[in-house]
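*Asks:* just the structure for this:
(one chain, ligands or ions: 1)
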Amino acid sequence: MIDSTKTYNKAVADEVLNGLSQKHKSLPSWLFYDEQGDRIFQQIMAMPEYYLTDSELEIFQTNKAAILSVFKGVSAGFNLIEFGAGDGMKTEVLLKYFTGQKANFTYKPVDISASVLEQLTERMRKSVPDLAIEPINKEYFSALEALNVDRENPMIVLFMGANIGNFELNEAEDFVKKIANALRKDDQLMIGFDLKKNPHMILEAYNDKKGITASFNMNLLTRLNSELEADFEPDRFMHYPYYDPQTGTTKSFIVSKEEQSVNFAALNTSFSFKAWEPIHVEFSQKFDEEMIVELATKAGLSVERYFYDEKKYFADVVLKK
Ligand code: AVJ
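*Replies:* Numbering: from 1, shown residues only. Now for the predicted structure:
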């Protein structure tokens, strides 16, 4: 029984109680992103092995004019709704250009974290002062529902940065379907997909030599130590990622190096680990065009346009009904 008078985050506690009691232990990757995790993720995006950020940035720098003309479509104005903008570094390239072109649009970033939204809004107010911005502090789908009431202008939903890859394929389908349900004929959805490529290169992006990704993943244990009064000893676990070039799935695990038991004082419970038992902590799905078309089709959408970086490491794909 969870004591509701304690101050820990119930969502975190539920994930732990559920995920660590499964036959195949797992924890969701959103648990990576506490304050320290956000900081390490910034370092990941800056490291040479993590090609994803540079590739998507290149796509925006090279194609910003083409992207704007696709977004404008036949309509004068549009709402640009972004799910999970993060620090906004890449979106800023588009927003600056669109604003400079006097495009008639309002930027509506959606995030459940108020502090993430505040930082993002602050950044855009400084770097793109003419931008019309309306942050929405809601869960993605309640935001879409609210936005759908009484609207005139089409909406363009952005889900960039390969975030779609964190879902298992069938969950990604459900997610895109739910967005598609809220779209009208003149609306669009742009998704960032990391693409299949040299498997060594993909694996390195999740297993860099300096161990930044390892520390990002292992920070999950430190987080649980402080939030749920657990007693993980990180040295007794290790980071282990692998990439399957056939399915395009990257999986990351935290593996227990020995038989041990971990106590969660805040939950009045403990979990035991066998030697070499893994906790699955992340999916990072890689796609090819066929998979993208299949995902779109299953959601009742079709591909309007692919935007690639020069090396075809990454794709931002515009979908519509
Ligand atoms: C933020 C989901 C795009 O899967 O590439 C980076 C997260 N994890 N390195 C990804 C991540 C380890 C990242 N996404």
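
*Asks:* for the chain, where's the lowest mean pLDDT among helices and strands?
*Replies:* None of the helices or strands of the chain scores lower by mean pLDDT, DSSP states H and E than helix 140-148, at a mean of 93.

*Asks:* show me how far that helix is from its chain's centre.
*Replies:* 18 Å (C-alpha atoms, centre = their mean, to the nearest Å).

*Asks:* ok, now stretch 122-131?
*Replies:* Computed by C-alpha atoms, centre = their mean, the separation of stretch 122-131 from the middle of its chain amounts to 23 Å.

*Asks:* that one: end-to-end distance?
*Replies:* Counting by C-alpha to C-alpha, to the nearest Å, you get 12 Å between the two ends of stretch 122-131.

*Asks:* what of stretch 43-62?
*Replies:* Start-to-end span of stretch 43-62 (C-alpha to C-alpha) is 24 Å.

*Asks:* just the helices in the stretch 151-300 of the chain please.
*Replies:* Taking DSSP state H, counting those that start in this stretch, the helices of the stretch 151-300 of the chain run over residues 169-182, 199-205, 212-227, 289-298.

*Asks:* tell me which residue of this protein is furthest from the middle?
*Replies:* residue 259 (32.9 Å; C-alpha atoms, centre = their mean).

*Asks:* residues in contact with the nearest residue to it once chain neighbours are set aside?
*Replies:* Distance criterion C-beta to C-beta, 6 or more residues apart in numbering; nearest residue to residue 259, sequence neighbours excluded, is residue 275 at 4.8 Å. To be clear about C-beta, it is placed using only N, CA and C from the backbone, and glycine gets the same treatment. Counting by C-beta atoms under 8 Å, 6 or more residues apart in numbering, residue 275 touches 256, 257, 258, 259.

*Asks:* and for residue 97?
*Replies:* By C-beta under 8 Å, 6+ apart, residue 97 lies in contact with 64, 65, 68.

*Asks:* what about 10 Å?
*Replies:* Residue 97 is in contact with 60, 61, 64, 65, 67, 68, 103, 128, counting by C-beta atoms under 10 Å, 6 or more residues apart in numbering.

*Asks:* one more: residue 89?
*Replies:* Each residue near residue 89 by C-beta under 10 Å, 6+ apart is listed here: 42, 45, 53, 56, 57, 123, 127, 161.

*Asks:* roughly how far does the residue nearest to residue 259 sit from residue 237?
*Replies:* Counting by C-beta to C-beta, to the nearest Å, the gap from residue 275 to residue 237 is 12 Å.

*Asks:* do residue 144 as well
*Replies:* To residue 237, residue 144 is 38 Å away according to C-beta to C-beta.

*Asks:* what's the answer for residue 210, then?
*Replies:* Distance, residue 210 to residue 237, by C-beta to C-beta: 19 Å.

*Asks:* who has more neighbours out of those two?
*Replies:* Of the pair residue 210 and residue 237, residue 237 is the one with more neighbours under other C-beta atoms under 10 Å, namely 24 against 11.
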